[in-house]
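Colleague: Next come a sequence and a model predicted from it.
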Amino acid sequence: FQRGYCQKNDEIKRNLLKGSDNMSKYAIVTGASRGLGAACAEGLAMDGYDLIITYRENADKAAAVKADLENKYGVTVKTYQINIRNEEEVIAFRAWAEQEMGTGLAVLVNNAGIYTNQPTETMNTKDFCDVVDVNVKGTFFMTRYFVDLMIANHFGKIIHLCSAAGLRAAKGSLAYSASKFAVRGMTQAMAIDLGQYNIQVNAIAPGAHKTDMYWDAVRIDPELMETRTKGCPLQRAGELTEMHHIVHYFLASDFITGQVVSMNGGTTMV
């Protein structure tokens, strides 16, 4: 039975890879105009996936990512502007994606998110709600309105971007940690519900990586960033290319679901 099931799964993968008029495999990465989202998109392009990358404001950066991935890997990349906290926009995006790319959605990476650092006693209500709307509701909307394509194909991989702050809260992380702890719970709940359709749902919980936000923080408070780096057992921030390994891991395995992998240099141990 097990051998037959694995052979069937491999056949589904091959059919998605080979493609037909409406079944060539593709992936969606939200918030992929820069940083970790762009790194996830590159990991998928390396594996031959055509892509839709979404952005909210940085059209030029999204276009640059598109050009880079197409030139390096020979894949097709389309860009789409969206605010994922808006349910109607996600519904419209769902219709556009099927029209442009077909029904062969194999991978959905819910990366788009926002961050605020404010202590509980002075937390701004609007900022708190904005973080929850984008990070939690946006992740739900994207999964809810795209998962039917995976169900129809009896195959799919959903990867949520959690955070080390979703494993252990930090000072000033009330809104962000609340949202990322929620994403962890959603990962498990979705994995349980969608397993019957051969859909694996997992999460990546990165620590500090050398993104635009990281370098902005270094410029604002270099001493704090140095202290944080020294507090990490590996004493460095992660390279963006290290995201590729985790993406490849989730793509390669069809028997891991409901899990959170955190590459954080050991930060959450200390």
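Modeller: Sure thing, it's come through.
Colleague: Kindly state the pLDDT recorded for Ile213?
Modeller: You called it Ile, but residue 213 is Met. With respect to pLDDT, Met213 scores 69.
Colleague: For the stretch 151-270 of the chain, just list every one of the helices.
Modeller: 174-194, 212-220, 222-230, 242-252 (DSSP state H, counting those that start in this stretch).
Colleague: same question for the third one, mean pLDDT?
Modeller: This points to helix 222-230. 73.
Colleague: which stretches of the stretch 51-200 of the chain have low pLDDT?
Modeller: Applying pLDDT under 70 to the stretch 51-200 of the chain picks out no residues at all.
Colleague: got a list of what Tyr55 touches?
Modeller: Taking CB atoms under 8 Å, 6 or more residues apart in numbering, we find Tyr55 in contact with Gly31, Ala32, Ser33, Lys61, Ala62, Thr79, Tyr80, Gln81, Ile82. Where C-beta positions appear, they are placed from N, C-alpha and C, glycine not excepted.
Colleague: still on that earlier bit, of all the helices of the stretch 151-270 of the chain, which lies closest to Val260?
Modeller: helix 174-194 (5.9 Å; CB to CB).
Colleague: Show me which positions of that closest one end up buried.
Modeller: 174-184, 186-188, 190-191, 194 (16 or more other CB atoms under 10 Å).
Colleague: Hmm, Phe146 and Leu194 touching each other?
Modeller: No. With contacts counted by CB atoms under 8 Å, Leu194 stays clear of Phe146, the gap being 11.7 Å.
Colleague: By neighbour count, which of the contacts of Tyr55 wins?
Modeller: Using other CB atoms under 10 Å as the neighbour criterion, Ala32 leads those with 31 neighbours.
Colleague: Please give the element, helix or strand, for that residue.
Modeller: Assessed by DSSP states H and E, Ala32 sits outside every helix and strand.
Colleague: Excluding residues flanking it in the chain, which one is nearest it?
Modeller: Using CB to CB, 6 or more residues apart in numbering and skipping residues adjacent in sequence, the residue nearest Ala32 is Ile53, 3.7 Å away.
Colleague: was I right about that neighbour contacting Val65?
Modeller: Yes. Using CB under 8 Å, Ile53 makes contact with Val65 at a distance of 6.1 Å.
Colleague: what's the overlap in contacts for those two?
Modeller: Common contact partners of Ile53 and Val65 (CB under 8 Å, 6+ apart): Ala32, Ser33, Ala38, Ala41, Val77, Thr79.
Colleague: got the contact list for the first one?
Modeller: Under the criterion of CB under 8 Å, 6+ apart, the contact partners of Ala32 comprise Ala38, Cys40, Ala41, Leu51, Ile53, Thr54, Tyr55, Ala62, Val65, Val109, Asn111.
Colleague: so can I have a markdown table of those residues showing distance to His209 and secondary structure?
Modeller: Shown next, in a markdown table, are the contacts of Ala32 (distance: CB to CB, whole Å; DSSP: H, G, I helix; E, B strand; the rest coil):
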| residue | distance to His209 | secondary structure |
| --- | --- | --- |
| Ala38 | 12 | helix |
| Cys40 | 12 | helix |
| Ala41 | 15 | helix |
| Leu51 | 20 | strand |
| Ile53 | 18 | strand |
| Thr54 | 20 | strand |
| Tyr55 | 19 | strand |
| Ala62 | 19 | helix |
| Val65 | 16 | helix |
| Val109 | 15 | strand |
| Asn111 | 12 | coil |
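Colleague: ranking those residues by neighbours, who comes first?
Modeller: Result: Ala41 is most packed of these (other CB under 10 Å), 31 neighbours.
Colleague: do you know how far that one is from Lys137?
Modeller: Remark: distance between Ala41 and Lys137 (CB to CB, to the nearest Å) = 23 Å.
Colleague: try Thr187
Modeller: 15 Å.
Colleague: Likewise for Ile52?
Modeller: The spacing between Ile52 and Lys137, counted by CB to CB, is 20 Å.
Colleague: Compare those two (neighbour count), which wins?
Modeller: Ile52 (24 against 18).
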